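Participant: Any chance you could fold what I've pasted below:
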Amino acid sequence: MNGWLTVGLLVISNIFMTFAWYGQLKLQEMKVITSNTPLYLVILLSWGVALLEYIFMVPANRYGFHSNGGAFSLMQLKVIQEVISLLIFTVFTIVFFKGEALHWNHFVAFCLLIIAVYLVFMDA
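Facilitator: Presented below is the predicted three-dimensional model:
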């Protein structure tokens, strides 16, 4: 069960992370903030959202790590987090930034990520 809990927490964490990093670009596109908005305000807004990321990321890593009774090694946790991060980012981009498109090379990259996950879970 810790494996699924870890993955679920990582998904939630990465949703907040993506909004913290790239949401300000959408807010600027929507004219909620402007290019004249002081950078420190944009950073504070992003930090507020990033705090929510950490609220889910830290427990995900803590519960998921095998030394704490979790299902994953440190390397496995990182690869899972990266794959989730790229998947969440892709969905975010498609949903919120209509001008961005997926191309054949993106699909090849996703296939390579699947291979990376397979390799990191292989018994060495």
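
Participant: what about the helices in this structure?
Facilitator: 2-29, 39-64, 74-96, 104-121 (DSSP state H).

Participant: Mean neighbour count for the ones you listed - can I get that in CSV?
Facilitator: Any C-beta I mention is one placed from the backbone N, CA and C, and that applies to glycine too. Formatted as CSV, those follow (neighbours: other C-beta atoms under 10 Å):
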stretch, mean neighbour count
helix 2-29, 18
helix 39-64, 15
helix 74-96, 16
helix 104-121, 12
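
Participant: can you give me phi and psi for the residue of the chain most remote from its centre?
Facilitator: Residue farthest from the centre of the chain, counting by C-alpha atoms, centre = their mean, is residue 36 at 28.0 Å. Main-chain dihedrals, residue 36, degrees, to the nearest 10: phi -90, psi -10.

Participant: Would you quantify the distance from it to residue 56?
Facilitator: According to C-beta to C-beta, to the nearest Å, residue 36 and residue 56 sit 33 Å apart.
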